[in-house]
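Peer 1: With the input below, show me the fold.
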Amino acid sequence: MDQMIHSIQQRKMQLPFLKYHSNGNNFIILDERTFDHNNMDYKKLAMTFCNPKLSVGADGILVLQSSTHADLRMRLFEQDGTESDMCGNGIKCVMTHLCNTEHITSVSIETRGGIFTAHMQGSQVEMNFCVKSRLAGISKERLMKCPLRLFLLPQPQVGRA
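Peer 2: Below is the predicted model:
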């Protein structure tokens with residue numbers, strides 16, 4: 001176990017990441033679309049990175065990947081290494097990240113829990129929830145018009161760890 005932690009600690013110095021927080025949750029964002037993390041063991045990485053005694057500490061790691069069903073895919077790895085279906089605060093952080101870094105104000109995000117759309121509305125993030133079973137065969141344009149529930153949430157804060 002110590003050797004695995006040492007290996008991850010050595011590799012983390014080479015990983016570009018940002019840390020965002022929203023409503024008491026904080027997340028490390030790793031973007032596979034701009035940096036190759038393909039060989040990462042995200043379960044082990046989350047268990048180390050999210051532990052404040054071993055690394056920067058966080059509630060989870062958000063991994064951004066390319067998607068064929070939406071603008072991007074978001075995977076969430078919790079502190080214990082488990083992969084969750086989705087997280088509203090995580091989606092808020094991703095939307096804020098995309099707005100800050102790519103000037104994107106509207107996006108569809110594929111998660112294990114379904115496809116969600118998010119929009120920046122001034123200083124708030126608006127989220128639309130879509131049904132998971134509708135994943136196959138829906139165009140991005142149609143997804144943007146597919147709200148089930150609507151949330152207006154304050155914009156999360158960003159920091160560098």
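Peer 1: for this protein, what are the low-confidence residue spans?
Peer 2: 1-15, 37-38, 129-161 (pLDDT under 70).
Peer 1: Helices of that one, start to end?
Peer 2: Per DSSP state H, the chain carries helices over the ranges 2-12, 42-49, 88-102, 140-143.
Peer 1: ok, what's across the strand from the nearest residue to C93 once chain neighbours are set aside?
Peer 2: Excluding its sequence neighbours, the residue lying closest to C93 (C-beta to C-beta, 6 or more residues apart in numbering) is Y20, at 3.8 Å. C-beta: built from backbone N, CA, C; applies to glycine. Applying DSSP bridges to Y20 gives these bridge partners: F27, V158.
Peer 1: Settle this for me: Y20 is touching L30, isn't it.
Peer 2: No: in this structure, Y20 is not within contact of L30 by C-beta atoms under 8 Å, at 11.9 Å.
Peer 1: number of nearby residues for E102?
Peer 2: 12 (other C-beta atoms under 10 Å).
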